[in-house]
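Novice: Need the 3D shape of this:
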Amino acid sequence: MNRQTIYTGKHLLWACIPFLLLSFSMSVSAATLPKPGSYCPGKDILLVAAEELSVSLERVIHSRAALINKNQKMAISALTSAGTTMHLATSRGAAARTILLIDAIIEARTSEDYTQTLPWFSLLYTSLLTLPDDATVSAANDSVGRAESIMKGEKDGDPIKHLRDARHLLSCDDFDIPLQAAIDSQDKLMKQLGQNTKNNAYDPLVDSLRRALAYTLGTGEK
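Specialist: So this is what the prediction gives:
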């Protein structure tokens, strides 16, 4: 191998280094990019939620039994209690608390005038500070910041979309999806509960609760 060949090879190698570094950097960035819906609480928080979901499940079964025994008043009372404990389960942990604040900001909007909505952001930022300083929380914080800037008229866009993006970043789909399905089923059942309600009307609620409870107990069932 002559010197010219060696020189050309070294020249090509040095020319390729910036592209190799860029490719490596992009690969690392992609690998560390937060995945929405995967910010799940630790075992200690899940076990607290499991206690509330266990109560919820017992109340739902009690409600169904009361309806079978023609005690509609008791059926409604037990089903209402189940709804309360399910909502408590949604609030466990710093991420869940922050998600509820995001929901409050979204629901507080009455029009395109965000004057009454903006004061909520200081509380939301304070809640975000209680979370670990990692890539997911940083991305959620950025989305919240973009939403606030749009509401202030500093940027264009849909602030609600950015708030929902932040919400999803801080959520745990494996837990939140079956729990929200249970809450929706309870709400639907409350509206139709009566003497003519069939026993199997409780099935979607019981199944969703069972799946949420199974996740909190670490069985791996989705």
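Novice: So which bits of the one helix or strand residue 103 maps to are buried?
Specialist: Residue 103 belongs to helix 94-108 when elements are defined using DSSP states H and E. Burial within helix 94-108, assessed by neighbour count using 16 or more other Cβ atoms under 10 Å, is assigned to 94-96, 98-99, 101-102, 105-106. (Each C-beta comes from the backbone N, C-alpha and C, glycine too.)
Novice: Quick check: closest non-adjacent residue to the residue most central in space within the chain.
Specialist: Geometric centre of the chain, nearest residue: residue 171, 2.3 Å, by Cα atoms, centre = their mean. Nearest non-adjacent residue to residue 171, counting by Cβ to Cβ, 6 or more residues apart in numbering: residue 37, 5.4 Å away.
Novice: Ok, residue 157 next?
Specialist: Nearest one to residue 157, counting by Cβ to Cβ, 6+ apart, is residue 150 at 5.0 Å.
Novice: Which strands and helices lie in contact with the helix or strand encompassing that neighbour?
Specialist: Assigned by DSSP H and E, residue 150 belongs to helix 135-151. Applying 3 or more Cβ pairs under 8 Å, 6 or more residues apart in numbering; DSSP states H and E, we find helix 135-151 packed against helix 120-129, helix 159-169.
Novice: go with 10 Å
Specialist: Contact analysis of helix 135-151 by 3 or more Cβ pairs under 10 Å, 6 or more residues apart in numbering; DSSP states H and E lists helix 94-108, helix 120-129, helix 159-169 as its packing neighbours.
Novice: Out of these, which gets nearest to residue 192?
Specialist: Closest of these to residue 192 is helix 94-108, at 24.5 Å (criterion: Cβ to Cβ).
Novice: I'd like the distance from the closest one to the chain centre, please.
Specialist: 10 Å (Cα atoms, centre = their mean, to the nearest Å).
Novice: what's the angle between that helix and helix 135-151?
Specialist: Relative orientation of helix 94-108 versus helix 135-151 (axes from the mean of the first three to the mean of the last three Cα atoms, to 10 degrees): 20 degrees.
Novice: pLDDT on helix 94-108, on average?
Specialist: For helix 94-108, mean pLDDT rounds to 94.
Novice: do stretch 69-78 as well
Specialist: Rounded mean pLDDT across stretch 69-78 is 95.
Novice: Put the alpha carbons of that stretch into PDB.
Specialist: C-alpha atoms of stretch 69-78 as PDB (Å, rounded to 0.1, in the frame of the first residue of the first chain):
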ATOM      1  CA  ASN A  69     -82.400  -8.400  45.900                       C
ATOM      2  CA  LYS A  70     -84.600  -5.500  44.600                       C
ATOM      3  CA  ASN A  71     -82.900  -2.900  46.900                       C
ATOM      4  CA  GLN A  72     -82.300  -0.200  44.300                       C
ATOM      5  CA  LYS A  73     -81.500   2.400  47.000                       C
ATOM      6  CA  MET A  74     -78.600   0.300  48.300                       C
ATOM      7  CA  ALA A  75     -77.500  -0.500  44.800                       C
ATOM      8  CA  ILE A  76     -77.200   3.200  43.900                       C
ATOM      9  CA  SER A  77     -75.400   4.000  47.200                       C
ATOM     10  CA  ALA A  78     -72.800   1.200  46.800                       C
END
